[in-house]
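Visitor: Provided below for reference: sequence and predicted model.
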Amino acid sequence: MFRDLIAHPERLKPTMAYDLIAGSADCSIFDALFEHLEAGQYRGRWDKDFGVPTRIAWGMRDRTLPSKTCTGWYRKELPDAEWVELPDVGHLSQHDDPALVAQTILEVTTARAAAVT
């Protein structure tokens, strides 16, 4: 069931698998999100200066949004963003390698905090 979302579903605890399924079934924004995507307006103009360092981390085993076919628009629209390729993780990379995801986030937030002080 998680083949397209998680590169290593065998690492997923049964309780987490249940929570992901139940959470998806009860997702309160699904209908609104689906309508928004169907309207084709999800790639509107962005204010490209977010005012903070921007890091985009992409799972290299993401089958939902494969890097080869899905990153081009984002790379074009956010040319100043730092891109990090996360090896051996899928779309829900936090379930494949929580430590790698935490490290990837902390590298940016720690650097930003040091620059501010």
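Guide: Perfect, thanks for sending it.

Visitor: helices of the chain, start to end?
Guide: 14-25, 30-39, 67-70, 72-77, 93-96, 98-116 (DSSP state H).

Visitor: give me the number of residues near Ala113?
Guide: Look at Ala113: counted by other CB atoms under 10 Å, it has 10 neighbours. In short, each C-beta sits where N, CA and C put it, glycine included.

Visitor: below-threshold pLDDT in this protein: ranges please.
Guide: Low-confidence segments of the chain, defined by pLDDT under 70: 45-46, 117.

Visitor: contact partners for His91?
Guide: His91 makes contacts with 4-6, 59, 62-65, as judged by CB atoms under 8 Å, 6 or more residues apart in numbering.

Visitor: and for Arg55?
Guide: Arg55 is in contact with 81-84, 104, 107-108, counting by CB under 8 Å, 6+ apart.

Visitor: same question for Arg43.
Guide: Counted by CB under 8 Å, 6+ apart, Arg43 has contacts 73, 77.

Visitor: ramachandran coordinates for it?
Guide: Here is the backbone geometry of Arg43 (degrees, to the nearest 10): phi -110, psi 50.

Visitor: any idea how far it is from Lys76?
Guide: Separation of Arg43 from Lys76 (CB to CB, to the nearest Å) stands at 11 Å.

Visitor: now do Leu12
Guide: Leu12 is 34 Å from Lys76, by CB to CB.

Visitor: with neighbour numbers in mind, choose between these two.
Guide: Ranked by neighbour count (other CB under 10 Å), Leu12 and Lys76 place Leu12 first, with 18 against 8.

Visitor: so the more buried one sits right up against Phe2, yeah?
Guide: Yes: taking contacts as CB atoms under 8 Å, Leu12 lies within contact range of Phe2: 6.6 Å.
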